[in-house]
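Trainee: The following comprises the amino acid sequence and a computationally predicted model.
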Amino acid sequence: MLLIRRVEEAVADCIVSGEIQCPCHLYIGEEAVAAGICASLRSDDFVFSTHRSHGHYIAKGGDVAALVAEVFCRESGCSHGWGGSMHICDASAGLPGSSAIVAGTIPLAVGAALAFATRGEDRVAVAFFGDGATNEGAFYESLNFAGLRRLPVVFVCENNLYSTHLPIDRCLADTDIVKKGSAFRIPGEKVDGNDVLAVVEAGRKAVDRARSGGGPTLLECLTYRWRGHVGPNYDIEKGLRSREELESWMARCPLEML
């Protein structure tokens with residue numbers, strides 16, 4: 001978690017100074033989710049990420065120098081400079097791809113899980129996604145197929161309460177995301193996403209269940225991004241959220257809580 005925090009702070013500084021031109025969605029404040037879930041994964045397990053991918057890549061054991069080079073769009077980057085911040089790809093680290101398309105990698109994780117099951121391998125696929133992704137049809141299609149085939153996939157919703165700049169209760173008729181899996185016979189658990197030990201425990205159960213043939217799990221991890229949707233600012237000056245809300249979540253810093 002500390003490594004993720006320091007890397008993201010350094011990236012933010014380089015955006016402010018103009019050294020980084022690539023749009024970056026920072027993971028500061030959400031570090032416990034990636035670290036807690038990936039603690040139970042093996043090197044040959046796969047995680048599929050989003051536009052906010054740096055934390056997942058680092059937690060999965062990715063090369064930090066290759067990540068930073070990619071953010072600078074250099075050929076030495078993990079995506080050879082073609083992906084930038086939003087399209088981190090490094091299959092050798094167990095992160096075959098990430099995408100800026102909301103919910104775009106959820107079905108890819110299901111596809112990987114189908115391949116693992118078909119080959120008789122005890123590998124697990126994890127799909128990380130935000131609460132905004134639960135507005136997309138791909139999310140429900142993926143839940144249905146994974147539940148139908150009892151695939152070894154873990155769905156991890158990083159619920160940071162905002163879909164870009166829109167509060168969750170402005171875009172979801174039912175904000176209790178964890179129960180959406182029940183329609184597809186997928187068990188779920190709502191977790192304090194700032195408590196890394198709670199995430200580790202929930203992640204371990206979900207991964208063990210998937211690896212042993214028990215099928216998928218939906219985890220809803222409640223957390224909060226400190227910086228804006230994209231870039232180093234805090235979205236306070238735009239009036240998109242209140243300073244009181246931000247400060248209340250910053251007081252629950254996952255590193256300080258641990």
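Mentor: Cool, the structure landed.
Trainee: For burial, what's the neighbour tally of the spatially closest residue to Gly132 that is not a sequence neighbour?
Mentor: Spatial nearest neighbour of Gly132, chain neighbours left out: Ser163 (3.2 Å); criterion: C-beta to C-beta, 6 or more residues apart in numbering. (C-beta placed from N, C-alpha, C; glycine too.) Using other C-beta atoms under 10 Å, the number of residues around Ser163 comes to 19.
Trainee: what are the bridge partners for Ser163, then?
Mentor: Beta-bridge pairing of Ser163 under DSSP bridges involves Leu166.
Trainee: Would you list the phi and psi of Ile20?
Mentor: Here is the backbone geometry of Ile20 (degrees, to the nearest 10): phi -110, psi 120.
Trainee: next one: Cys157
Mentor: Cys157 adopts backbone torsions of phi -90, psi 120, taken as degrees, to the nearest 10.
Trainee: what's across from Leu222 in the sheet?
Mentor: Asn159, Asp192.
Trainee: for this structure, what spans make up the helices?
Mentor: With DSSP state H as the criterion, the chain has helices at 2-17, 31-38, 54-59, 64-71, 106-119, 137-149, 196-211, 243-250, 254-257.
Trainee: so what's Ile15 closest to, chain neighbours aside?
Mentor: Excluding the flanking residues, the one nearest Ile15 by C-beta to C-beta, 6+ apart is Pro232, at 4.9 Å.
Trainee: still on that earlier bit, what would the helices of the chain look like in a markdown table with mean pLDDT and mean neighbour count?
Mentor: Below are the helices of the chain laid out as a markdown table (pLDDT from 0 to 100; neighbours: other C-beta atoms under 10 Å):
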| stretch | mean pLDDT | mean neighbour count |
| --- | --- | --- |
| helix 2-17 | 97 | 16 |
| helix 31-38 | 98 | 28 |
| helix 54-59 | 97 | 28 |
| helix 64-71 | 96 | 20 |
| helix 106-119 | 98 | 20 |
| helix 137-149 | 97 | 19 |
| helix 196-211 | 98 | 20 |
| helix 243-250 | 94 | 12 |
| helix 254-257 | 97 | 16 |
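Trainee: Thank you kindly, that will do.
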